[in-house]
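Undergrad: A structural model of the following input is requested.
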Amino acid sequence: MDVRQHDLRAWGATALLLLVAGLSACRGDKSPPAGESRPRGAATATATVAAAPGETAIKAKPPAVPNAAEAKKYAGAKLKYYSEPVGVGAELDRVMVQQFQKDTGIEVTIIPRPKDATETYSVYQRLFQAQSGDVDVLMLDVIWPGAFAQNLVDLSEKLGEAAKQHVESIVQNNTIDGKLVAMPWFTDFGLLYYRTDLLQKYGYSKPPETWDELEQMAKKIQDGERAANPNFIGFVWQGKAYEGLTCNALEWIASHGGGAIIEDGKITVNNPGAQKALARARGWIGSISPAGVTSYEEEDARNTFQGGNAAFMRNWPYAYAAGNADKSPIKGKLAAAPLPHEPGQKSAGTIGGWQLAVSKFSPQKDAAIELVRYLTSPEGQKFRATAGSFIPTIRSVQQDPEVVKSMPFLASAKDIALVARPSNRTGARYNEASIAFFQGASQVLQGKEPKQVLGQVEQRLTRALR
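TA: Numbering: from 1, shown residues only. Sure thing, here's the model as predicted:
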């Protein structure tokens, strides 16, 4: 049996409804260009911005604005939208904003948000502190609604009914002190990507289920392929000391039985499962993973894998569409599966996602709400799912046959224990807690003793929670 067929048959079709149970979450902040990756920059552009060099323009036609007749009341209003800056996300924003302008008469200037989530957070902080009207609609990481709630419009009155279509846990995450401060837009979770042709070449009928199997398969394929390609590597992932390492390390620890780093208000990061998980990851470096993996972000891993130089990769759903793009060297030769686990444990995937919100300081709040309504609508989410592999947050869209066909990996959710970052517990001090965690994980990857390092992380988390 073809290993891709194995995935589609083994994973049930009802799985995606489990995808976002237990928000808040994480997403590595890299986005693919159309047909490739979604790297993010910080330049300013208008709604007529063209595709960047090397990108493929979106060919599908965006949906009409369902609420156009009502939204036309605000024709002539001028909005500023902090959006995806480049790549397929930016192209989708561009064509949807053009459709919105055509159907409603509301003018929208697209301002690409900064490349990195931390930079974006800082920009928003400055805008809100200045009570600036220079942003009307903005993207929010799933862990930010609580931090920015006081600066955001309560969308309950106008979008509360529409919010009922979305997965309840995300809506709850975006509801602060009874106010709906952001609308769910798309979600994410970590996956194991693998080369289907190479698994078959080396006698494997399915992807690895345990970490031991991954290590054995990666080593065998790596050794065999290096005869023709000395640069070939077994397994690539995100090992740089940044938020992406938090996401990877949370998956390793949960899949080794180490639980979450904070449970029931108690810091539990320093436990045998966590120690074993980080020690295992350290053992990959220089073996089945390159020494330079400790500087890898999402795009570094994707470029290596998509370039035909790796057998396995941990990454986000965007890499599926990128790998199967027309110009991809591995088009039709990759598939995605749940990440491995220890025997007796479950596969783990850190989840993430982004929301859309309206600034309290916007001079055009009603028009801004209509843009959010359109972009997060069932029609808008289906368009983004089928054109760019953005996972919908609306249940009916998740189950749409065209969406499932375009993203077969969605069915893997039933086999994954979804891992959330402890943003609810740490609140505004989440960044401090995450930095302590990923810096500790990085120290272990560089050779320090896990138990000692995790003890230090525990102390730093204790201070962050006071």
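
Undergrad: CA atoms only: put stretch 225-239 into CSV for me.
TA: Extracted C-alpha coordinates of stretch 225-239, given in CSV (Å, rounded to 0.1, in the frame of the first residue of the first chain):
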residue,chain,number,x,y,z
GLU,A,225,21.1,8.8,0.4
ARG,A,226,24.5,10.3,1.3
ALA,A,227,26.1,8.2,-1.3
ALA,A,228,24.6,10.5,-4.0
ASN,A,229,24.0,13.5,-1.8
PRO,A,230,26.5,14.2,0.9
ASN,A,231,24.3,17.0,2.3
PHE,A,232,21.3,14.8,2.9
ILE,A,233,20.0,14.7,6.5
GLY,A,234,17.5,12.6,8.3
PHE,A,235,15.4,15.0,10.3
VAL,A,236,15.0,18.8,10.5
TRP,A,237,13.1,20.9,12.9
GLN,A,238,13.1,24.3,14.6
GLY,A,239,16.0,24.4,17.1
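
Undergrad: Now do stretch 132-142, average pLDDT.
TA: For stretch 132-142, mean pLDDT rounds to 95.

Undergrad: distance between the ends of it?
TA: Criterion CA to CA, to the nearest Å; first-to-last residue distance in stretch 132-142 is 23 Å.

Undergrad: in that stretch, what counts as buried?
TA: Within stretch 132-142, the residues scored as buried using 16 or more other CB atoms under 10 Å are 135-142. Glycine gets a C-beta too; all of them are placed from N, C-alpha and C.

Undergrad: again with stretch 435-446
TA: Neighbour-count burial for stretch 435-446, counted by 16+ other CB under 10 Å, picks out 435-445.

Undergrad: re the thing from before, so which of the buried residues of stretch 132-142 belong to strands?
TA: 137-141 (DSSP state E).

Undergrad: so which strand or helix has residue 386?
TA: Secondary structure assigned from DSSP states H and E places residue 386 in helix 378-388.

Undergrad: The closest residue to residue 237 other than its chain neighbours pairs with what?
TA: Excluding the flanking residues, the one nearest residue 237 by CB to CB, 6 or more residues apart in numbering is residue 314, at 4.1 Å. Per DSSP bridges, the residues bridged to residue 314 are residue 192.

Undergrad: tell me the contacts of residue 314?
TA: Residue 314 makes contacts with 190-193, 235-238, 248, 251, 301, 339, as judged by CB atoms under 8 Å, 6 or more residues apart in numbering.

Undergrad: give me that answer again for 10 Å
TA: When contacts are counted by CB atoms under 10 Å, 6 or more residues apart in numbering, residue 314 touches 28, 190-193, 235-239, 244, 247-248, 251-252, 298, 301, 305, 339-340, 349.

Undergrad: for residue 461, same thing?
TA: 261-262, 267-270, 422, 425-426, 429, 432-434, 436-437, 440, 454.

Undergrad: Mind checking which of those are buried?
TA: Among those, the ones that count as buried by 16+ other CB under 10 Å are 261-262, 267-270, 422, 425-426, 429, 433-434, 436-437, 440, 454.

Undergrad: Please list the members of these that lie in strands.
TA: 262, 267.

Undergrad: Surely residue 377 is in contact with residue 62?
TA: No: using CB atoms under 10 Å, residue 377 is not in contact with residue 62; the gap is 11.1 Å.

Undergrad: Can you check which residues contact both of these two?
TA: By CB under 10 Å, 6+ apart, the residues touching both residue 377 and residue 62 are residue 383.
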